[in-house]
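>>> Quick check, what structure comes out for this input:
(one chain, ligands or ions: 1)
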Amino acid sequence: MGMDRFIRAADIDGKQLATELLERIKTDVEILKAETGVVPGLAVVLVGDDPASAVYVASKHRQTIAAGMKSFEHRLQAGTTQNDLLSLVHRLNVDQQVHGILVQLPLPSHLDPNAVIQAINPDKDVDGFHVSNAGRLATGSPGLVPCTPLGCMMLIKNALGEHLSGSHAVIVGKSNIVGKPMAQMLMNAHCTVTVVHSQTRNTADLCRTADILVVAAGRPGLVRGDWIKPGAVVIDVGINRIQEDGKTKFVGDVAYGEAGHARAITPVPGGVGPMTIACLLSNTLTAFRRHQPWPLLPGNEQGFLR
Ligand SMILES: Nc1nc(=O)c2c([nH]1)NC[C@@H]1CN(c3ccc(C(=O)N[C@@H](CCC(=O)O)C(=O)O)cc3)C=[N+]21
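Below you'll find the predicted structure:
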């Protein structure tokens, strides 16, 4: 009983939803290009030669081009100084062809990621990491929001519909990149939000009360089947590289095989990851629209001017 093996949680197909979102972005880019003669541009900065980061950056570049946008890749050597990186950011801030700027993290340890992020023009900060954007999100003002929680929000709405009001959402993890902005977005959608983390005393009990469970802890298999309420929607943000039978594979933070009684769950890979990149391009389009001066273009209803 309980963990009924005759019930199977629906997989939330992040890959498919990301493909659909990218198609819509591509269409919007064509329309905006026809209306303004300008093409949205995304600059991605990679410092050093971390192989995982290089793979992500290459994927971002490919998808930016596929969406009809301009991609500006800046690869800097591992020994780049803080000053050199800051001057590149300043150049990108004033470059008219660049509407979005992303500095790939993590940076080599001699560089200060916070100083670099805060140097980015907040209206080009497509990662949504600048304090101005964190403050805008916290106060419900228009801004740019972090890609991963934005993608999670879309996946949750796809599983539950637009009306999340009154649902209890539990978030595992309190990072600035996922946990905190996720909590803000769910509060903006009128959920009751609980954030648990490594120092929480009754994490499993709290998770068992979640209608929506978002897990961003970075610990493979942390969330077990008996932490999940039957019928809950489970969003697994974890991407953990593990060795199994001599092969490398990716697993999430949720023991996926034990979650059959959930209503729906994101697989890893193929869940949150693909949505993150699609949301990066969505944010670039948002930044581009808000950059355009009078008259207002669709998507610039707030009349965002700089
Ligand atoms: N400034 C900054 N912004 C980021 O958004 C950022 C970053 N730095 N540093 C690294 C992380 C990681 N990240 C991922 C994006 C897509 C997948 C993704 O598409 N994953 C696929 C699998 C990809 C594969 O197989 O390698 C999936 O989950 O299905 C994963 C991870 C963005 N990050």
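>>> Give me the helices and strands touching the helix or strand that contains A18, please.
For A18, the host element (DSSP states H and E) is helix 14-36. In this structure, helix 14-36 makes packing contacts with helix 51-66, helix 147-160, helix 272-291, judged by 3 or more Cβ pairs under 8 Å, 6 or more residues apart in numbering; DSSP states H and E. Using the backbone N, CA and C atoms, a C-beta is placed for each residue, glycine as well.
>>> What's the first helix or strand after that helix?
Next helix or strand after helix 14-36 toward the C-terminus (DSSP H and E): strand 41-47.
>>> okay, the angle between that next one and helix 51-66?
170 degrees (axes from the mean of the first three to the mean of the last three Cα atoms, to 10 degrees).
>>> packing partners for strand 41-47?
Using 3+ Cβ pairs under 8 Å, 6+ apart, the elements in contact with strand 41-47 are helix 51-66, strand 70-76, helix 82-94, strand 100-103, helix 272-291.
>>> Now do that strand, average pLDDT.
Strand 41-47 shows a mean pLDDT of 98.
>>> Look up the closest residue to the residue of the stretch 101-250 of the chain found nearest the ligand, ignoring the ones flanking it.
Per Cβ to the nearest ligand atom, L105 is where the stretch 101-250 of the chain lies closest to the ligand, at 3.9 Å. Excluding the flanking residues, the one nearest L105 by Cβ to Cβ, 6 or more residues apart in numbering is P113, at 5.9 Å.
>>> among the helices and strands packed on helix 14-36, which is the most enclosed?
Comparing these by mean neighbour count (mean count of other Cβ atoms under 10 Å), helix 272-291 ranks first with a mean of 24.
>>> tell me the angle of it relative to strand 70-76?
Calculated by the same axes, to 10 degrees, helix 272-291 forms an angle of 110 degrees with strand 70-76.
>>> For helix 272-291, C-alpha coordinates in CSV please.
Output of helix 272-291 as CSV, limited to C-alpha atoms (Å, rounded to 0.1, in the frame of the first residue of the first chain):
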residue,chain,number,x,y,z
VAL,A,272,14.6,21.5,-15.4
GLY,A,273,17.9,21.7,-17.3
PRO,A,274,16.6,22.4,-20.8
MET,A,275,14.1,24.9,-19.4
THR,A,276,17.0,26.9,-17.9
ILE,A,277,18.5,27.6,-21.3
ALA,A,278,15.1,28.4,-22.9
CYS,A,279,14.4,30.9,-20.1
LEU,A,280,17.8,32.5,-20.7
LEU,A,281,16.7,33.3,-24.2
SER,A,282,13.3,34.3,-23.0
ASN,A,283,15.0,36.8,-20.6
THR,A,284,17.2,38.1,-23.5
LEU,A,285,14.0,38.8,-25.5
THR,A,286,12.5,40.5,-22.4
ALA,A,287,15.6,42.6,-22.0
PHE,A,288,15.5,43.5,-25.7
ARG,A,289,11.9,44.6,-25.6
ARG,A,290,12.4,46.7,-22.6
HIS,A,291,15.4,48.3,-24.2
